[in-house]
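Visitor: 3D model of this:
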Amino acid sequence: PPPPPPPPPLFGRCNTTHGLLPFTASPTYYRQTSLFFGMYVIEYCFIINSVPEDRILPSTCYKANDPLAKMELYANETLRSAVKGFYVKAAGSSSRTVLASWGPQGTNTLKVNLNWADEEANGSVVCVAIQKPYTMDDLCLGAPGQCIVSLFNRDIGDSCCPFFSTTSI
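Guide: As a prediction, the model looks like this:
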């Protein structure tokens with residue numbers, strides 16, 4: 001596959017190298033009708049999987065058993081009101097809804113805190129709930145038809161935050 005695009009500016013504060021965390025975001029996301037946010041909302045869902053331990057690169061930003069702390073998207077912050085929240089489901093757990101959280105103005109960062117252990121992250125689902133008529137194509141910044149997702153092992157300090165370029169199925 002082609003190499004990933006350069007990271008957007010918001011990810012410059014952490015180590016974006018692929019393979020540093022035992023988590024990966026699927027290269028595609030899918031859409032589903034929202035059962036939680038109402039009939040005028042579509043959820044766009046990302047699947048999170050684990051990376052085998054022998055494929056994790058050594059680093060100073062990851063320590064064994066660090067959780068999947070959060071997921072961030074490079075998103076158009078002018079659409080804040082169209083993002084109704086997140087639907088998240090850790091593997092082996094029941095689903096829950098989470099309010100949308102945005103980074104400081106000007107960072108175009110949409111985020112959701114997860115705090116999932118390896119077992120919870122592998123096969124988990126994170127969905128962004130967007131009010132119609134807006135879609136992920138409207139929300140995501142960067143290359144047309146792509147959405148840049150980053151996974152973090154911690155919220156502060158020396159963190160790993162590999163990013164993944166995703167597209168719709």
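
Visitor: beta partners of the spatially closest residue to Val98 that is not a sequence neighbour?
Guide: In space, and not counting its chain neighbours, Val98 is closest to Phe86: 4.4 Å by Cβ to Cβ, 6 or more residues apart in numbering. For the C-beta atoms, the positions are set from N, CA and C on the backbone; glycine is no exception. Taking DSSP bridges as the rule, Phe86 bridges to Val98, Val128.

Visitor: where do the strands sit along this structure?
Guide: 23-25, 28-33, 41-50, 68-74, 83-89, 96-98, 101-102, 109-116, 124-131, 146-152, 163-168 (DSSP state E).

Visitor: Let me know whether the residue nearest to Val98 touches Cys127 as I believe.
Guide: Yes: here Phe86 reaches Cys127: they are 6.3 Å apart, a contact under Cβ atoms under 8 Å.

Visitor: Mind checking the strands of the chain for the one nearest to Leu57?
Guide: strand 23-25 (12.9 Å; Cβ to Cβ).

Visitor: what sits up against the closest one?
Guide: 46-51, 68, 71, 118, 121, 149, 151, 162, 164, 166 (Cβ atoms under 8 Å, 6 or more residues apart in numbering).

Visitor: What's opposite the residue nearest to the spatial centre of the chain in the beta bridge?
Guide: Nearest to the geometric centre of the chain sits Met71, at 3.6 Å (Cα atoms, centre = their mean). Counting by DSSP bridges, Met71 is bridged to Val112, Leu151.

Visitor: What separation do you get for it and Cys127?
Guide: For Met71, the distance to Cys127 equals 11 Å [Cβ to Cβ, to the nearest Å].
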